[in-house]
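Visitor: Have a look at this fold, sequence not included:
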């Protein structure tokens, strides 16, 4: 090696033909547009709005209930739709749908009902179908002339009344909880329709109501489904495992159904036993 080359090496000079080119990595392109669940949500919104255009500026004949059917052939499809429908935030999709319908001059009644269900084989009979979506529309111009009656009694635990009559013609939603009222996380005061007694109530029986303390103040709700013409159980935050409680349905054939998904409707059949907090058992009967 010549003296000149030694000096170049000493000071870090490298011939151009020996220099290594820096590795260039092509950055991954950023996906354009909203995430898949958001796109799916907008697709469902457009589907519903398009089918309800006949009710624009016609509030007197607007539907009182909508039931969305989704054909999901894989668990991944169903999970994506659950995210799109904000399944973990009950009521949020209905609120946003109400807003978008109003933007299109479609006004639904104050207490209109919205439900959704998943199917893996084929969509059920619907008012409208498009692709893998189906929509059942309940028009209040054709009211249900056969109201459904049911009753709730306590098999284990102490209710304030011996029995509670559920009349679909008078009321669609019946809240179940310990005590008469409680304040929800949003600050709203909730009034229970089916009341389990607190231990400080004058009529509380310590033996009969020994398990009442396991029931949340906002545990569950029984709602009349105007689309399916049946009562169904929905579990409120206090009755979910995250709230430290459990809710189950024991059907007349002795099969047990865990009710642990927020926003999910669990259809009730006559003779069902509703277990609250692992301690209280209510009997649901159609009249």
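Guide: That came through, no problem. Bear in mind the structure is a predicted one, so any value in this text is a computation, not a measurement. Numbering: from 1, shown residues only.
Visitor: The residue nearest to residue 213 when sequence neighbours are not counted: what secondary structure?
Guide: Leaving aside its chain neighbours, residue 213 sits nearest to residue 199 (6.8 Å; criterion: C-beta to C-beta, 6 or more residues apart in numbering). In short, each C-beta sits where N, CA and C put it, glycine included. Using DSSP: H, G, I helix; E, B strand; the rest coil, the structure places residue 199 in coil.
Visitor: Pull up the gap between residue 199 and residue 212, please.
Guide: 7 Å (C-beta to C-beta, to the nearest Å).
Visitor: between these two, who's got more neighbours?
Guide: It is residue 212, of residue 199 and residue 212, that has more neighbours when counted by other C-beta atoms under 10 Å, with 26 against 13.
Visitor: Tell me who's in contact with the more buried one.
Guide: Residues near residue 212 by C-beta atoms under 8 Å, 6 or more residues apart in numbering: 157, 158, 178, 196, 197, 198, 199, 204, 279, 280.
Visitor: Kindly recompute the last result at 6 Å.
Guide: 157, 158, 178, 196 (C-beta atoms under 6 Å, 6 or more residues apart in numbering).
Visitor: Just list whatever residues bridge to the closest residue to it other than its chain neighbours.
Guide: Take residue 212 and drop its neighbours on the chain: the residue closest to it by C-beta to C-beta, 6+ apart is residue 196, 4.8 Å away. Per DSSP bridges, the residues bridged to residue 196 are residue 159, residue 178.
Visitor: so residue 196 makes contact with residue 215?
Guide: Yes: here residue 196 lies in contact with residue 215, judged by C-beta atoms under 6 Å, at a distance of 5.1 Å.
Visitor: Identify the contacts common to those two.
Guide: residue 178.
Visitor: Parallel or antiparallel, which strands does the strand or helix carrying residue 116 pair with?
Guide: Counting by DSSP states H and E, the element that carries residue 116 is strand 113-119. Its sheet considered, strand 113-119 pairs with strand 63-71 (parallel) by DSSP bridges.
Visitor: Starting from the strand it pairs with, tell me the next helix or strand along the chain.
Guide: helix 75-84.
Visitor: ok so, going back, neighbour-wise, which of the contacts of residue 212 leads?
Guide: residue 196 (29 neighbours).
Visitor: Distance check, residue 232 against residue 57.
Guide: In terms of C-beta to C-beta, residue 232 sits 32 Å off from residue 57.
Visitor: These two - which one has more neighbours?
Guide: residue 232 (16 against 7).
Visitor: isn't there a helix covering the more buried one?
Guide: No: per three-state DSSP, residue 232 lies outside any helix segment and is strand.
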